[in-house]
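**Student:** coordinates for the following, if possible.
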Amino acid sequence: MKIGFIGLGHMGLPMASNLLRSGKAVHVFDTSAKAIGVAVERGAMAAGSIAELAEDVDVVITMLPNPAIVRSVVAGPDGVLAHAKDGTLLIECSTSDPQTARDLESMAQSSGKVMIDAPVSGGVPGAEAGTLTFMIGGTEEAFVAAQPILMAMGKNIVNCGPAGSGQAAKICNNLLLGVSTIAVSESMCLGVSLGLAPDVLAAIINTSSGRCWVSEVYNPYPGVVKSAPASNDFSGGFACDLMIKDLSLALDAASGTRQPLPMTALSKQFFQLLSLKGEGSKDISAIVQMFKM
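**Tutor:** Okay, here's the model as predicted:
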């Protein structure tokens, strides 16, 4: 089986690397020659274009920045669907939106291909460790076919329902990540302003009712979690501008169901303020700087 991987960013490159470590034959494409070079050094084969890659593989995995790019790469005139063989399995791992996933799945089916939406949770650490959670939307048959491939990159493969369900689960998860990052930042900064040592406060939170993934694994206060982006000048991880995109996706989806999301809307404003300060490429934990005295 030949696997094509399109999108070798912070998440895509370690995911492709784990496929290589598992013994898979991986063909790669990205707009970054540097990223392609790293993947090739790790054993991948470089494709000169999306079309070239799609024509030569049995499975195509995409990990891309936003829904517009996903649509272009998958359904554009020089995209995957136009050039992939009949029966090709498309695994779309980008964070997109439910409607885009449903539209592309329908187009894939009409052109003789099989597609699932399979966004991930776990961040860069999970991508590097191969412990990602995949949230799958699509048919049961496609879910079964994708499982052996996804298990090389993740630990939890969850069937969420029909096409679009994976994306629905992902935007709900990322909504909570954005809101909780701000909440933990407020709590940590209040504690420090009241004279508490940040590591002591974090230890208390993480053995009490305030405990959450952000407080324990991804604490936004510098120095509390040595491996977290906050302790590395907020570099790497999940960029603030990508969180703005994901919160926008949640708000757009909510408008169609008239679901109120007041905390999501407010959180988006905070991240936008941070981005306007020129910090949009930094990790979301940089939001703590908005509250430090």
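**Student:** what segments of the chain are strands?
**Tutor:** For the chain, the strands defined by DSSP state E occupy 2-6, 25-29, 45-46, 59-62, 89-92, 114-117, 120-121, 132-137, 154-161.
**Student:** and the helices in this structure, which stretches?
**Tutor:** 12-21, 33-41, 50-55, 67-75, 80-83, 98-110, 123-129, 140-150, 165-193, 198-205, 213-216, 240-257, 262-274 (DSSP state H).
**Student:** most packed of these?
**Tutor:** Among those, judged by mean count of other CB atoms under 10 Å, the one packed with the most neighbours on average is helix 12-21 (a mean of 22). In short, each C-beta sits where N, CA and C put it, glycine included.
**Student:** so how far is it from its chain's centroid?
**Tutor:** Taking CA atoms, centre = their mean, to the nearest Å, the mean C-alpha location of helix 12-21 is offset from the chain mean by 14 Å.
**Student:** can you pull the contacts of V192?
**Tutor:** Under the criterion of CB atoms under 8 Å, 6 or more residues apart in numbering, the neighbours of V192 are 198, 201, 221, 292.
**Student:** list just the nearest of those residues to A129.
**Tutor:** The shortest gap between A129 and any of the contacts of V192 belongs to Y221, at 23.2 Å (CB to CB).
**Student:** per-residue pLDDT, that closest one?
**Tutor:** Per-residue confidence at Y221 stands at 98 (pLDDT).
**Student:** give me the neighbour count for it.
**Tutor:** Close neighbours of Y221, defined as other CB atoms under 10 Å, add up to 25.
**Student:** and it, how close does it get to I284?
**Tutor:** Distance check for Y221 against I284: by CB to CB, to the nearest Å, it reads 13 Å.
**Student:** let me know the outermost residue of this structure.
**Tutor:** Most distant residue from the mean C-alpha position of the chain: G195, 36.4 Å away (CA atoms, centre = their mean).
**Student:** check what pLDDT that one gets.
**Tutor:** G195 carries a pLDDT value of 98.
**Student:** now the nearest residue to N206 once chain neighbours are set aside: how far from V224?
**Tutor:** What sits nearest to N206 in space, not counting adjacent residues and going by CB to CB, 6 or more residues apart in numbering, is E216, at 4.8 Å. The gap separating E216 from V224 is 10 Å, by CB to CB.
**Student:** so can I have TSV of the contacts of V192 showing distance to I3?
**Tutor:** Putting the contacts of V192 into TSV (distance: CB to CB, whole Å) gives the following:
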residue	distance to I3
P198	43
L201	45
Y221	40
K292	44
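**Student:** ok, which pair from these is furthest apart?
**Tutor:** Longest span within the contacts of V192, CB to CB: L201 and K292, 13.8 Å.
**Student:** ok, so what distance separates the nearest residue to V225 once chain neighbours are set aside from V288?
**Tutor:** Counting by CB to CB, 6+ apart, N219 is the residue found nearest to V225 once chain neighbours are left out, at 4.6 Å. Going from N219 to V288 by CB to CB gives 9 Å.
**Student:** any shared contact partners between these two?
**Tutor:** Common contacts of N219 and V288 (CB under 8 Å, 6+ apart): 188, 230.
**Student:** neighbour count winner among the two?
**Tutor:** Each of N219 and V288 has its neighbours counted (other CB under 10 Å); N219 has more, 27 against 22.
**Student:** related to what we said a few turns ago, the residue nearest to V225 and S180, how far apart?
**Tutor:** 11 Å.
**Student:** likewise for A168?
**Tutor:** As judged by CB to CB, A168 and S180 stand 19 Å apart.
**Student:** also A230?
**Tutor:** Taking CB to CB, one finds A230 at 14 Å from S180.
**Student:** now K113. Nearest residue, chain neighbours left out?
**Tutor:** Of all residues not flanking K113 in the chain, T88 sits nearest, at 4.9 Å (CB to CB, 6+ apart).
**Student:** give the contact list for that neighbour.
**Tutor:** 54, 57-60, 80, 113-114.
**Student:** wait, what's in contact with F238?
**Tutor:** Per CB under 8 Å, 6+ apart, neighbours of F238: 123-124, 177, 283-284.
**Student:** so who does the nearest residue to it once chain neighbours are set aside touch?
**Tutor:** Once flanking residues are discounted, F238 sits nearest to I284: 5.2 Å by CB to CB, 6+ apart. Contacts for I284 were tallied using CB under 8 Å, 6+ apart; they are 177-178, 181, 220, 237-240, 243, 271.
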